[in-house]
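would you be able to build a 3D model of this:
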Amino acid sequence: MEVFVILDGTGWHFINGKRLLLKKGDFVFIRASDCHGFVARAGENMRLLNVAFLSSWFTRFRALLPAQTTVSRWMKGKMPPSVFLSGGLREALERRGLDLILSKSPRHFGVAQFCLEAFGYLESRPLSKGTLSAPEWLAKCVAALDEPENLQKDLAYFQRKAGRSPEHLARLCRLHFGVPPTELLNRARIGYAKRRLLESDAKVIDVGYDCGFKNIGYFHRTFLRLSGGTPRHWRLKNFAVTVPR
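Residues are numbered from 1 along each chain as shown. I've put the predicted structure just below:
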């Protein structure tokens, strides 16, 4: 089994009988049942970071994952789970990988640290499960949702960016991601809100505005629906889990 992230360039991923485009920022979890390989596109270079591990080790490692992690769903799909990582997240994962290579700590401990962070990205980006099988124009639109500055923009902006009719965009979003464009935007905003709540001491109301919500009541209701708790309670609960004691 392995995980890999594309650091630079583009290429082709030959995975389970299909050929899919790989681009800078794509992060993929390869399961033991997957048959895959990759190659750079003609005339281009592609740089990637990958970490491989035994299936038996992963079985033991799963016990360390939070109970709500949807590992079972990851293991059942026809295609491996994937997510697009924006610049900051991609660079953070690259640094973690380099630390793993250069670390003098026991290798299994370093791999566990790396995988805990990597799988956290998969868990926090459920909207990206269809990115690698979607048309390239749609994948780019969804990838744009990982850039915080885009979350301030309304749905009409993404419809213009797609260059398709609203009806066609909605139909393809439902086909590849299972939800309409509005829900994709809300999930991206809430995903960013979660990171802001853990990485800063900003007030909840400021986080809501930073994530593109003009109505704080709607922000609270959307956060509660997608996360199972209010922003404040979610921050307190997860801060206790993520901060070492």
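
chain neighbours aside, what residue packs nearest to Leu138?
Leu172 (5.5 Å; CB to CB, 6 or more residues apart in numbering). Placement of C-beta: from N, CA and C, glycine included.

quick one: the one you found from Ala139, how far?
Distance, Leu172 to Ala139, by CB to CB, to the nearest Å: 10 Å.

next: Met1.
Separation of Met1 from Ala139 (CB to CB) stands at 24 Å.

hmm, Leu122 is touching Phe27, no?
Yes - under the criterion of CB atoms under 8 Å, Leu122 makes contact with Phe27 at 7.5 Å.

mind listing the shared neighbours of these two?
82-83 (CB atoms under 8 Å, 6 or more residues apart in numbering).

contact partners for the nearest residue to Ala52 once chain neighbours are set aside?
In space, and not counting its chain neighbours, Ala52 is closest to Glu2: 4.0 Å by CB to CB, 6+ apart. Contacts of Glu2 were listed using CB under 8 Å, 6+ apart, and they are 29-30, 50-53.

and the residues you listed, which are buried?
Neighbour counting with 16 or more other CB atoms under 10 Å marks 29-30, 51, 53 as buried within the contacts of Glu2.

got the residues you listed as CSV, with distance to Arg160 and secondary structure columns?
Below are the buried ones among the contacts of Glu2 laid out as CSV (distance: CB to CB, whole Å; DSSP: H, G, I helix; E, B strand; the rest coil):
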residue, distance to Arg160, secondary structure
Phe29, 33, strand
Ile30, 36, strand
Val51, 39, strand
Phe53, 43, coil
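
now these as TSV including pLDDT?
Listed next are those as TSV, based on pLDDT from 0 to 100:
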residue	pLDDT
Phe29	92
Ile30	93
Val51	86
Phe53	86
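
nearest to Leu93 among the residues you listed?
Nearest to Leu93 among the buried ones among the contacts of Glu2, counting by CB to CB, is Val51 at 9.9 Å.

out of the contacts of Glu2, which one sits closest to Lys161?
Lys161 lies nearest to Phe29 out of these, by CB to CB, at 28.0 Å.

can I assume the closest one is in contact with Leu122?
Yes - here Phe29 lies in contact with Leu122, judged by CB under 8 Å, at a distance of 6.2 Å.

give the residues shared as contacts by the two.
Counting by CB under 8 Å, 6+ apart, the shared contacts of Phe29 and Leu122 are 74, 81-82.

what about those residues, which are in helices?
Counted as lying in helices by DSSP state H, out of those, are Trp74.

can the shared contacts of Phe29 and Leu122 go into a markdown table with extra columns for pLDDT?
Shown next, in a markdown table, are the shared contacts of Phe29 and Leu122 (pLDDT from 0 to 100):
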| residue | pLDDT |
| --- | --- |
| Trp74 | 78 |
| Pro81 | 85 |
| Ser82 | 86 |
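
with that, I have no additional questions.
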